[in-house]
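Colleague: Okay, here's the prediction I keep looking at, along with the sequence it came from:
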Amino acid sequence: MTSLKPYLIRSIYEWIIDNSLTPYLLVNAEHPGAVLPLEFVEDGKIILNVRQEAVQGLTLGNEEIEFNARFGGVPRHIFVPIRAVLAIYAKENGKGMVFDPAEETEDETPPETPDTKPPGRPQLKVVK
């Protein structure tokens, strides 16, 4: 089953933009695969302003978020694995969503097959 997280990020991003607010991403900067400006990382985390006016080429994909932006006047390409996103929220009022890092392992659960139904689920019989 695909992760719900990228869909939530996209919908909350759209809600923030529709309300003329500034979308911020809180990112685990220590996540493997993240390409971030390390000089702006504090306590292993970074806050990224992803407002349309602040970034170029923003892609909110199912596996990653990518864009180009300037940090201290220096152009950078940013790559954030979806698993590294800790929260998305509006700068102005703090409304958004915080993600539980412990839930990340649940995304790797294989799809259910007839032989691996969870306990307690009723078995249905087809009667002809």
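Modeller: Received, thanks.
Colleague: Please make it C-alpha for all contacts and neighbour counts, starting now.
Modeller: Noted.
Colleague: For stretch 40-51, measure first residue to last.
Modeller: Its start and end residues considered, stretch 40-51 measures 18 Å (Cα to Cα, to the nearest Å).
Colleague: What of stretch 38-52?
Modeller: End-to-end distance of stretch 38-52: 22 Å, with Cα to Cα as the criterion.
Colleague: Which of the residues in it are classified as buried?
Modeller: Lys45, Ile46, Ile47, Leu48, Asn49, Val50, Arg51 (16 or more other Cα atoms under 10 Å).
Colleague: Okay, now the unreliable bits of the protein?
Modeller: Within the chain, the segments meeting pLDDT under 70 span 104-128.
Colleague: Tell me where it has helices.
Modeller: 5-18 (DSSP state H).
Colleague: coming back round to it: out of the buried residues of stretch 38-52, which sit inside strands?
Modeller: The strands, defined by DSSP state E, take in Lys45, Ile46, Ile47, Leu48, Asn49 from these.
Colleague: of all those residues, which comes closest to Gln56?
Modeller: Of all these, Gln56 sits closest to Asn49, with 11.7 Å by Cα to Cα.
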